[in-house]
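1. Any chance you could fold what I've pasted below:
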Amino acid sequence: MTKKICPACGTEDIIERKTPHLINEAFGGGREIDIVEDRCKVCGTVGDFFSQNDALISEAIDQCKSLAVKNILQDFLDHAATSMSSMERALELPQRTLTKWKNGQTKPSAAGFALLKMLRIFPWLLDVAENKFDYEKGQRIHINEAVRKLVSHISFDDTLSSNLKISTSYNFAFNLTYDDSFQKEYNEHVSQEAIEGLSEAPTILIEQY
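-> Numbers count the residues shown, from 1 in each chain. Sure thing, here's the model as predicted:
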């Protein structure tokens, strides 16, 4: 058995202490591990003398990431009108790549894991991918989602409703219409009252938060 000695002074008079530490991963929850801290009673040196923590931390991170991948993909299956195969086609991934990631047969690279987290936070990016990352279409998808989010956070009272209520024409203007007539439709269907009313939206949002 290898003797445990202080790397600074060479003594074997070492105290080992374990303290709980939480490893967190977005969408993967957390794992609590016991971090080892060694202390030399002779010279007072403190640290992980025998590199026990690296393996514990690495294992906890891998477990959290694996769960995050499963949670993200399951969330898409549960709440999005899409399938694994359609996502793979949009992202130009080999067949069954996402299924293998979800089942733990293979692990995504760091870039693949980052992509999944981006899609989970901004699911509309999948629409952009399905449109071959066309710049103009991507901008319209982004605007449509931003307006939808903005409107969902506005509380309309009786006074503002006439100016801020999102009418059928306003919704139509921000529908995902991907042709050259988009700007024309926007100009024709967005009323001046709605545009003027939106100037008051920041005040409303500030009051809410």
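2. and His142, what does it touch?
-> Trp124, Val128 (Cβ atoms under 8 Å, 6 or more residues apart in numbering). For every residue, glycine as well, the C-beta is placed using N, CA and C.
3. Check the secondary structure at it for me.
-> Under DSSP: H, G, I helix; E, B strand; the rest coil, His142 falls in the helix class.
4. how about the helices of this protein, start to end?
-> Under the criterion DSSP state H, helices of the chain are mapped to 53-79, 84-91, 97-103, 110-121, 125-130, 135-152, 158-164, 168-173, 182-189, 192-198, 201-208.
5. Lowest average pLDDT across those helices?
-> Mean pLDDT is lowest for helix 201-208 among these, at a mean of 40.
6. Run through the bridge partners of Glu25.
-> On the basis of DSSP bridges, Glu25 takes part in beta bridges with Gly29.
7. and stretch 105-114, how far apart are its ends?
-> Using Cα to Cα, to the nearest Å, the end-to-end distance of stretch 105-114 comes out at 18 Å.
8. Please parse this protein into its domains.
-> Segmentation of the chain into domains, based on automatic domain parsing, reads 14-127, 131-208.
9. Need those in TSV (columns: distance to Lys4).
-> TSV is the format used below for the domains of the chain (distance: least, Cβ to Cβ, whole Å):
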stretch	distance to Lys4
domain 14-127	6
domain 131-208	56
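10. For Ala8, which of those is the nearest?
-> Nearest to Ala8, of all the domains of the chain, is domain 14-127, at 4.2 Å by Cβ to Cβ.
11. Between the two ends of that closest one, how far is it?
-> So domain 14-127: terminal residues 58 Å apart, Cα to Cα.
12. mind listing what the residue nearest to Glu130 when sequence neighbours are not counted touches?
-> Counting by Cβ to Cβ, 6 or more residues apart in numbering, Ala90 is the residue found nearest to Glu130 once chain neighbours are left out, at 4.4 Å. By Cβ under 8 Å, 6+ apart, the contact set of Ala90 is Leu126, Ala129, Glu130.
13. that older thread, for Pro7, find the nearest of the domains of the chain.
-> That would be domain 14-127 among the domains of the chain, by Cβ to Cβ, at 5.7 Å.
14. separation between Asp13 and Ala26?
-> The gap separating Asp13 from Ala26 is 43 Å, by Cβ to Cβ, to the nearest Å.
15. before we move on, back to that, quick one: which of the contacts of Ala90 has the most company?
-> With neighbours taken as other Cβ atoms under 10 Å, the top of those is Leu126, carrying 19 neighbours.
16. and that residue, how far is that from Ser109?
-> As judged by Cβ to Cβ, Leu126 and Ser109 stand 19 Å apart.
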